[in-house]
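Asks: Next one to model:
(one chain, ligands or ions: 1)
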Amino acid sequence: MLNIVLFGPPGCGKGTQSELIIKKYNLVHFSTGDILRGEIKAQSDLGKEAKSYMDKGALVPDSVVIGMIGKKIDENLGAKGLILDGFPRTTAQAEALDTIMKQKGIAVSGMLALEVEKEELVKRLLLRGKESGRADDQDVSIIENRIKVYDNETAPVKNFYSAQGKFVSIKGMGTIDEIFGRISSAIDSLK
Ligand code: AMP
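Replies: Below you'll find the model as predicted:
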């Protein structure tokens, strides 16, 4: 299986690029943010718990998110591969993913990290908030908190994959097509 961790700060383009990747490479898209927003919409217990963290721009606890992934991987073991979008976001999540995948005889093929400057992230997120109505994209202080959480808790996950020789940095500035071109070359060299 071709299992790709698409990584980067909020607003770096993970969602947009995931859509293009799944079409070109026929992979299954797995976004923990999308799943959590679905749970909130359905007003499930998990959704209610997640909302209190997401509204502040904080991370949902590892135990909750890790619990969601085993089932998703099981359901898609016959697929060509997975795009993990927004997961793992902590080193504990990356370690848990490794353990779960090992048990199933699969592995992460590579981490592609989209690098975008902070000013550009804030601009993109505010625009997305206006267009989509997404609550955590409409308030500058929540956006700044999410970027801070990314710097402190999520960015260190790069070291985890770097130590395994699986880390690829990708310039996330430019047009959607330019960035997709860089991603495609990186994926082709993983295959
Ligand atoms: P996203 O759509 O990926 O930007 O995620 C939106 C929000 O969902 C984040 O700000 C977190 O509160 C929560 N979230 C999504 N994925 C994770 C994860 N892997 N670990 C913890 N919280 C997450």
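
Asks: Leaving out chain neighbours, which residue sits closest to E115?
Replies: In space, E115 comes closest to G172 once its chain neighbours are excluded; the distance is 5.4 Å by CB to CB, 6 or more residues apart in numbering. Just so you know, the C-beta spots here come from the backbone N, C-alpha and C atoms, and that holds for glycine as well.

Asks: how close does the one you found get to S31?
Replies: G172 sits 17 Å away from S31, going by CB to CB, to the nearest Å.

Asks: Flag every residue of this structure that's near the ligand.
Replies: 10, 32-33, 36, 53-54, 57-60, 65, 86-87, 89, 93, 146 (CB under 6 Å from any ligand atom).

Asks: can you give me the helices for the protein?
Replies: For the chain, applying DSSP state H gives helices covering 14-25, 32-41, 45-54, 62-75, 91-103, 118-132, 140-149, 157-162, 176-190.

Asks: Check these for me: which has the lowest mean pLDDT.
Replies: With a mean of 92, helix 62-75 has the lowest mean pLDDT of the helices of the chain.

Asks: so how far is the ligand from A113?
Replies: Between A113 and the ligand the computed distance is 14 Å (CB to the nearest ligand atom, to the nearest Å).

Asks: Report whether the expected contact of that residue with S162 is present.
Replies: No - look at A113 against S162 with CB atoms under 8 Å: they stay out of range, at 9.6 Å.

Asks: quick one: which of those two has more around it?
Replies: Legend: neighbour count by other CB atoms under 10 Å for A113 and S162, higher for A113 (22 against 14).

Asks: For the more buried one, give me its contacts.
Replies: Taking CB atoms under 8 Å, 6 or more residues apart in numbering, we find A113 in contact with 7-8, 158, 167-170.

Asks: quick one: the nearest residue to it once chain neighbours are set aside and I187, what's the gap?
Replies: Nearest residue to A113, sequence neighbours excluded (CB to CB, 6+ apart): F7, at 4.4 Å. The span separating F7 from I187 equals 14 Å under the rule CB to CB.

Asks: Could you do K14 as well?
Replies: 14 Å.

Asks: Ok, N3 next?
Replies: Computed with CB to CB, the distance linking N3 and I187 is 11 Å.
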